[in-house]
Every structure is written in structure tokens, then in C-alpha cells.
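Visitor: how would this look folded up:
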Amino acid sequence: MKGYYKNKEATEKAIDKFGWFNTEDLGYINPATGDLFISGRAKDTIVLSNGENIEPQPIEDAILSSSDLVEQVMLLGQDEKHLRTIAVVNPDALAKAGLLDEELAAGLMKDYETVNDPKCTEEDCVQAPRRGIESHPIKRNHY
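Guide: Down below sits the predicted model:
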């Protein structure tokens with residue numbers, strides 16, 4: 001890639017002086033095999049107010065893979081003291097696991113199935129790979 005069309009600033013940010021393209025992917029090399037693993041994106045890094053850097057992708061992946069009770073998860077906390085989580089639970093899975101009584105489950109399903117007025121639209125948010133809607137636009141526009 002030679003650069004971004006008519007966008008010198010973006011080109012200078014993305015391509016270093018040696019011509020290497022910076023994808024902003026984070027990764028590591030397995031010393032035993034030499035394999036490269038992509039583990040996240042630099043722009044997704046959450047920096048807490050104490051300076052601690054947190055990569056949300058491994059945490060979100062762990063939450064999603066640990067139980068079928070959670071359908072979606074997003075970490076928040078940029079420039080804040082603590083990390084926060086927004087999770088969308090699966091009412092069917094909660095009911096099946098016996099964690100909801102029938103009356104509460106029926107009420108949740110009624111609301112769950114009839115969300116017609118989303119607070120975040122495609123114009124407000126950006127689709128992020130593997131995670132659904134990107135967290136920063138949601139926080140900026142709705143919290």
C-alpha cells in the first residue's frame with residue numbers, strides 16, 4: 001500500500017518511514033512454535049485513570065465463552081478509576097437454568113422481543129470485528 005488517497009495525515013500515521021503498514025493490531029509470538037497470534041487492537045485498549053492499560057478483548061471473550069447466559073458484553077472505563085461491564089443476558093438461558101421464575105421470565109421475554117426504539121443506531125455506532133458495536137461511540141453518544 002502506498003498510502004491513503006489524498007490523505008497525507010492518515011498515510012503518515014499508518015505507514016512508517018521504512019514503508020511498513022501499522023495495522024494497530026496487538027499480538028504475540030509463541031516462542032516454542034514461532035506462531036504469531038493476534039490478540040486485539042491498540043485503539044481498543046482501555047486506559048484507567050491510574051494509567052493501567054487493559055485489553056478488553058480477552059476479558060470479553062472469556063465472559064462470552066464461560067456461559068451461554070450472556071449474549072453480549074462490553075467493557076467501559078476509559079480514564080475512569082474502575083473498569084465497568086455492560087452485559088446482555090439471554091432470558092431463555094436464564095429460565096432454562098432455573099434462574100428466573102416463570103412470571104419474571106415471561107415479562108423479560110415480552111420486553112426482550114419488542115425492542116423497537118434502539119438508543120444506538122448504525123449512524124451513531126461503528127461495527128467492530130467479533131464484538132458487535134464498537135464501545136467508544138456508544139459511550140460517547142449515550143452515557
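Visitor: who's in contact with the nearest residue to residue 50 once chain neighbours are set aside?
Guide: Among residues not flanking residue 50 along the chain, residue 81 sits closest, at 7.2 Å (Cβ to Cβ, 6 or more residues apart in numbering). Every C-beta, even on glycine, is put in place using the N, C-alpha and C of the backbone. Applying Cβ atoms under 8 Å, 6 or more residues apart in numbering, one finds that residue 81 lies in contact with 48-50.
Visitor: Mind splitting the protein into its structural domains?
Guide: According to automatic domain parsing, the chain comprises the domains 1-42, 45-116.
Visitor: Let me know which of those domains is tucked in deepest.
Guide: The highest mean neighbour count among these, using mean count of other Cβ atoms under 10 Å, belongs to domain 45-116: a mean of 14.
Visitor: what ranges do the strands span in this protein?
Guide: Using DSSP state E, the strands assigned to the chain run over residues 25-29, 36-41, 46-47, 53-54, 70-76, 84-89, 127-128, 132-133.
Visitor: Counting by contacts, list what the fifth one packs against.
Guide: Here strand 70-76 touches helix 56-66, strand 84-89, strand 132-133, helix 135-142, going by 3 or more Cβ pairs under 8 Å, 6 or more residues apart in numbering; DSSP states H and E.
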